[in-house]
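**Student:** everything below, folded, please.
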Amino acid sequence: MGSKGLTTSAGTGVASTNILQPGEKNTIDSLEANIDNFDFLWHAGDIAYADYWLKEEIHGFLPNTTIQGGAAVYESILNEFYDEMMPITARKPYMVGPGNHEANCDNAGTTDKVHNITYDSSICMMGQTNFTGFKNHFRMPSDVSGGTGNFWYSFDHGMVHFIQLDTETDLGHGFIGPDQTGGSEGFTGVDPVNATMNAQSNWLEADLAAVDRSKTPWVVVAGHRAFYLSNTGDTCPTCKDVFEPLLLKYNVDLVLSGHSHIYERLAPIADGKIDPNELENPSSPWYITNGAAGHYDGLDSLDSPRQPYSRFGLDTSNATYGWSRLTFHNCTHLTHDFVASNNDTVLDSATLFKARTCDQDRRRH
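**Tutor:** Below is the predicted model:
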């Protein structure tokens with residue numbers, strides 16, 4: 001976002017369908033217009049894409065930017081995004097989680113094909129690697145929930161227990177994420193040195209076990225990388241291996257993710273199998289990925305054919321950015337809407353039913 005982010009122009013290599021039309025509302029515009037219709041904003045990673053400055057320079061969108069001057073461009077993109085968000089964040093809580101684009105300043109490795117140069121995080125100045133900006137800009141409720149920094153934590157709101165997971169670093173059971181030290185994409189698998197250091201997974205089980213479902217009947221989990229997605233190259237199999245057993249054990253209702261720049265609503269799933277009840281009282285978590293809010297490159301393409309568990313999808317062919325809205329009607333019904341940023345219309349809506357006894361007078365959005 002901002003003057004150096006998602007605009008009505010772009011550099012080479014960006015699809016024409018991904019460029020905003022003159023006068024078109026972007027996602028921040030839409031959120032601001034709808035600010036009275038939600039209680040808080042939840043952004044599960046890839047906050048401002050400041051690390052895209054180098055790719056934008058290579059594409060000619062930010063011409064004449066030097067590697068030495070890149071640190072200042074990185075900071076300016078961050079600050080412009082925060083400034084654009086101010087009309088929203090001044091009025092509503094802004095909850096965040098870590099994504100891969102918070103890890104370092106260089107988009108986890110960028111190649112200039114014209115000059116045959118590949119850059120890595122060694123070009124980043126101190127303070128722009130290892131999630132430093134993300135760790136110091138935000139203050140999430142990890143202290144009161146027993147979590148860790150802005151990486152994993154939980155909170156209650158109304159009849160919902162919300163959990164933010166970290167899919168980027170300490171997964172637990174010896175699995176480590178791709179950006180634990182500000183490195184490049186790609187999970188490294190089991191780390192034998194830390195194979196018994198299960199800080200996040202141990203915390204998650206304790207947090208889920210402590211939820212009083214009579215007070216907060218709904219449990220919603222968010223993590224940056226999806227466990228399931230038609231774009232299987234964007235999924236996190238190790239995240240699934242570590243976290244899914246706990247989500248099933250404690251009957252988590254909904255799992256939200258981003259990372260892939262598409263929107264895809266899936267069926268409830270357990271260990272790769274579609275729940276036979278679908279949205280009518282499933283025993284498995286419901287999965288939704290929304291990475292379609294917008295950034296410099298715009299939207300990706302969904303793989304075709306989509307996975308059997310896919311129920312609705314939007315990608316670059318639809319040329320529509322958007323955001324998700326959750327409405328908790330009572331303890332038995334939850335509606336998810338995909339809201340198009342350009343005109344605030346709902347392009348996809350689905351309601352999850354859980355057979356529970358509850359106080360019908362409790363309603364939160």
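
**Student:** okay, now S214: neighbour count?
**Tutor:** S214 has 11 neighbours, counted by other CB atoms under 10 Å. Where you see a C-beta, it was placed from the backbone N, CA and C, and this is true even at glycine.

**Student:** what helix or strand does it sit in?
**Tutor:** Secondary structure assignment for S214, by DSSP states H and E: no helix or strand.

**Student:** what's the spacing between it and C358?
**Tutor:** Separation of S214 from C358 (CB to CB, to the nearest Å): 9 Å.

**Student:** buried set for stretch 232-239?
**Tutor:** Across stretch 232-239, burial judged by 16 or more other CB atoms under 10 Å covers 234-236, 238-239.

**Student:** next one: stretch 149-163
**Tutor:** By 16+ other CB under 10 Å, the buried positions in stretch 149-163 come out as 149-155, 157, 159-163.

**Student:** which one of those is nearest to D39?
**Tutor:** Nearest to D39 among the buried residues of stretch 149-163, counting by CB to CB, is H157 at 6.6 Å.

**Student:** what sits opposite that closest one in the beta ladder?
**Tutor:** V160 (DSSP bridges).

**Student:** which pLDDT value goes with it?
**Tutor:** pLDDT, H157: 97.

**Student:** swap in the one 3 residues further on?
**Tutor:** Looking at V160, its pLDDT is 98.

**Student:** for the one 4 residues further on, same thing?
**Tutor:** What the model reports as pLDDT for Q164 is 98.

**Student:** can you check H59 too?
**Tutor:** H59 carries a pLDDT value of 84.

**Student:** farthest-apart pair in the buried residues of stretch 232-239, please.
**Tutor:** Greatest spacing in the buried residues of stretch 232-239, by CB to CB: D234 and T238 (13.6 Å).

**Student:** P268 in helix, strand or coil?
**Tutor:** strand (DSSP: H, G, I helix; E, B strand; the rest coil).

**Student:** contacts for stretch 130-147, please.
**Tutor:** For stretch 130-147, the surrounding residues in contact (CB atoms under 8 Å, 6 or more residues apart in numbering) are 47, 50, 78, 82, 94-96, 98, 102-104, 127, 148-155, 164, 168-169, 179, 181-182, 203, 206-207.

**Student:** list the contacts of the spatially closest residue to S260 that is not a sequence neighbour.
**Tutor:** With CB to CB, 6 or more residues apart in numbering as the criterion, S260 has its nearest non-adjacent residue at 3.9 Å, and that residue is D234. If a contact means CB under 8 Å, 6+ apart, then D234 has 225-226, 259-260 as its contacts.

**Student:** okay, and the helix or strand of this protein with the least pLDDT?
**Tutor:** Within the chain, no helix or strand scores below strand 189-190, which has a mean of 49 by mean pLDDT, DSSP states H and E.

**Student:** and after it, which helix or strand comes next?
**Tutor:** helix 199-209.

**Student:** report the buried residues of that next one.
**Tutor:** 199-201, 203-205, 207-208.

**Student:** and what of stretch 76-91?
**Tutor:** In stretch 76-91, counting by 16+ other CB under 10 Å, buried: 77-78, 80-82, 84-85, 88.

**Student:** for stretch 36-53, same thing?
**Tutor:** So for stretch 36-53, counting by 16+ other CB under 10 Å, buried means 38, 41-53.

**Student:** ok, now stretch 59-76?
**Tutor:** So for stretch 59-76, counting by 16+ other CB under 10 Å, buried means 59, 61-62, 65, 70-71, 73-75.

**Student:** out of those, which are inside helices?
**Tutor:** If you go by DSSP state H, those have 70-71, 73-75 in helices.

**Student:** closest one of those to I19?
**Tutor:** Using CB to CB, those come closest to I19 at V73, 20.6 Å.

**Student:** and the residue of the chain most remote from its centre, backbone torsions?
**Tutor:** The outermost residue of the chain relative to its centre, with distances by CA atoms, centre = their mean, is H115 at 33.0 Å. The phi and psi values for H115, taken as degrees, to the nearest 10, are phi -100, psi 0.

**Student:** what number of residues lie near S283?
**Tutor:** Per other CB under 10 Å, the neighbour tally for S283 reads 12.

**Student:** before we move on, which element is the closest residue to L62 other than its chain neighbours in?
**Tutor:** Counting by CB to CB, 6+ apart, L62 lies nearest to E56, which is 4.5 Å off, once chain neighbours are set aside. According to DSSP H and E, E56 maps onto helix 53-58.

**Student:** return the set of residues that bridge with R265.
**Tutor:** Bridge pairing for R265 - DSSP bridges - gives I288, F312.

**Student:** got the residue ranges for the strands in the stretch 51-200 of the chain?
**Tutor:** 94-97, 110-112, 117-119, 153-157, 160-164, 170-172, 175-176, 189-190 (DSSP state E, counting those that start in this stretch).
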